[in-house]
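*Asks:* Could you look at this predicted model? Sequence included:
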Amino acid sequence: MKPLLTLLLLAALVLVTAGCIQPQIPDPHPTPLPTAPPPSGEHAFLISNTDQYLSYWNEKMGWDLTDRTRLEYAEELNRYLDATWEKEAAGYHVTNTSDFLRAVKTILGLTEEQFAAFVTADSEQKRADQLNYHSHTSRLYETETIPESATVPLQNVPIYDPAEFTITACGPDLSPEDLFESANETLNNYTTLFGKIAAPGALSTSFLPASSLSLQKTLSKNVSSASPMPDGYLGISPVTLADDEKLAAYGFRVLPTGQTMTYVSIVSADANDAAYAAAEDGLNEWMTTVHEKTIAAGTSIISNAAEVSSISEPGLLSSLRTSKDYGICGKIDLYSTWYWDPIE
């Protein structure tokens, strides 16, 4: 029998700087993760043969390029790649899909209509390559033939970069509904690419300490590419405002372990500029904590793979810091943490 899942509110800590208003406790039920939509973020990939790349897309998109024209465009695309992206043994390391596709558009002279169709088709192809990789059905990982998109996902796995799974916003015109939708999409993108926890080899070198990078290099290919826990439960902390309140700052990140962290700063509807400035300062302070948590989570994934230690806080689902400014009455900070508790 599958275990039932009971959501526990582990802790809620309230710090009151001047107490004249009783704080309202937010609903302690993070929104469950729905079926994941297609990812839309930027993801690194390798491109090794521009002629094959253009040949594939020429046939797929019906551009009607002659062989001679295609080769000329391939040479021009190579010059762009040489000048813009780092070249590795396996090909050019492209880290910004949008910039690359715009370069292709310029070189080929695509119309806006052709470019829009190309962007959509490219996104669908990359998503198919990534999903096929996770289901072990893609021909790319079973033979030496090039993938249909003629690009190879970097290191044969999608790469977790903290910046791609982070949302920050501040100001008087924030929409809680829009930000929650963006956070939900970000989490869905994460699960589409990594499952519940990113594999050790999928962690970007941009945020890992030197000790973890050294340990990462010692892992076998099978261990490095395997998620410690591909399936599980994830969620997002909600944002609830009273009629006389406004959202002044918002922060969200999916850690490499799949755990989510959220920051919410709430002010009164008639708050002044100083209140919004304080909300931004609070967001920046929270981001420092998030950075530390991201490093700890990534380090724990690699250490777990090397059988040195376990995954950081394995039962943690989501954490939320809610900061409320009550003007002359003071400010409160509410810390809430949710865990999944399996019960037979």
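*Replies:* Cool, the structure landed.

*Asks:* alpha carbons only for contacts and neighbour counts from here, please
*Replies:* Fine.

*Asks:* now residue 319, what's its secondary structure?
*Replies:* Under DSSP: H, G, I helix; E, B strand; the rest coil, residue 319 falls in the strand class.

*Asks:* For it, give the beta-bridge partners.
*Replies:* Legend: beta-bridge partners of residue 319 under DSSP bridges are residue 261, residue 337.

*Asks:* need the contact list for it.
*Replies:* Neighbour list for residue 319: 237, 260-262, 335-338 [criterion: Cα atoms under 8 Å, 6 or more residues apart in numbering].

*Asks:* Residue 225 too?
*Replies:* Counting by Cα under 8 Å, 6+ apart, residue 225 has contacts 157, 199-202.

*Asks:* can you list these in TSV and add secondary structure, distance to residue 86 and pLDDT?
*Replies:* Shown next, in TSV, are these (DSSP: H, G, I helix; E, B strand; the rest coil; distance: Cα to Cα, whole Å; pLDDT from 0 to 100):
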residue	secondary structure	distance to residue 86	pLDDT
157	coil	18	54
199	coil	24	89
200	helix	23	89
201	helix	20	86
202	helix	19	87
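
*Asks:* Please indicate which of the residues you listed has the highest neighbour count?
*Replies:* For the contacts of residue 225, neighbours were counted using other Cα atoms under 10 Å, and residue 200 has the most, 30 neighbours in all.

*Asks:* That residue reaches residue 217, doesn't it?
*Replies:* No: using Cα atoms under 8 Å as the test, residue 200 is too far from residue 217 to be in contact (9.9 Å).

*Asks:* Where is the longest helix in this protein?
*Replies:* helix 273-305 (DSSP state H).

*Asks:* how about it: buried residues?
*Replies:* For helix 273-305, the neighbour count (16 or more other Cα atoms under 10 Å) marks 275-276, 279-280, 282-283, 286-287, 290, 293-305 as buried.

*Asks:* now stretch 193-210
*Replies:* For stretch 193-210, the neighbour count (16+ other Cα under 10 Å) marks 193-204, 207-208 as buried.

*Asks:* got those as JSON lines, with secondary structure columns?
*Replies:* Output for the buried residues of stretch 193-210, formatted as JSON lines (three-state DSSP):
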{"residue": "193", "secondary structure": "helix"}
{"residue": "194", "secondary structure": "helix"}
{"residue": "195", "secondary structure": "coil"}
{"residue": "196", "secondary structure": "coil"}
{"residue": "197", "secondary structure": "coil"}
{"residue": "198", "secondary structure": "coil"}
{"residue": "199", "secondary structure": "coil"}
{"residue": "200", "secondary structure": "helix"}
{"residue": "201", "secondary structure": "helix"}
{"residue": "202", "secondary structure": "helix"}
{"residue": "203", "secondary structure": "strand"}
{"residue": "204", "secondary structure": "coil"}
{"residue": "207", "secondary structure": "coil"}
{"residue": "208", "secondary structure": "coil"}
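
*Asks:* Thanks a lot, see you next time.
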